[in-house]
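A structural model of the following input is requested.
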Amino acid sequence: MAARFGVTIDCRQPSVLASFWCRVLGYVEEPPPTGYQSWAAYDLAHGISAEVAESGCTIIDPEGASPRIYFQRVPEPKRGKNRVHLDIPASPGHSWDEVVAAANRAVAAGGRILRESTSDDDKFIVMTDPEDNEFCLVL
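Next up is the predicted model:
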């Protein structure tokens with residue numbers, strides 16, 4: 001069953017965040033509509049300026065099970081703590097080492113580790129993406 005909702009993230013650099021989240025989630029950029037080789041070709045055919053075209057980017061779960069994520073450019077920087085964040089299961093084998101490895105991959109992609117839980121019964125790592133949006137990698 002396809003995801004029943006999408007997520008929109010306000011940001012300064014949509015393509016940078018889309019690339020980061022593709023690496024973290026295993027997502028891909030949404031393919032262009034049928035009949036178009038690329039989003040640039042679609043935009044050109046529909047009179048969309050390069051500036052407007054670059055103001056957003058959509059990524060999807062290639063299996064269609066998880067929500068699509070749209071990154072939209074906004075002029076203001078992020079301020080303060082997120083009111084909503086993603087909890088991402090990072091360990092199919094239920095291993096803390098897998099969660100740590102996922103955190104290291106996220107850091108290599110431009111993320112940052114904020115803190116790690118110390119509770120044995122609720123293990124997670126709090127991180128940020130390249131624009132300081134918080135998320136958790138969970139066991």
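
my read: G111 touches T128, true?
Yes - taking Cβ atoms under 8 Å as the definition, G111 is a contact partner of T128 at 6.1 Å. For glycine as for every other residue, the C-beta is placed from the backbone atoms N, C-alpha and C.

more crowded one of the two?
Just comparing G111 and T128: by other Cβ atoms under 10 Å the higher neighbour count belongs to G111, 23 against 18.

how's the chain carved up into domains?
7-73, 86-138 (automatic domain parsing).

buried ones in stretch 47-66?
By neighbour count with 16 or more other Cβ atoms under 10 Å, stretch 47-66 contains the buried residues 54, 56-61.

which one of these is nearest to P33?
T58 (11.8 Å; Cβ to Cβ).

dump the residue contacts of the closest one.
Contacts for T58 (Cβ atoms under 8 Å, 6 or more residues apart in numbering) come out as 18, 29-30, 68-71.

fine by me, we can end here.
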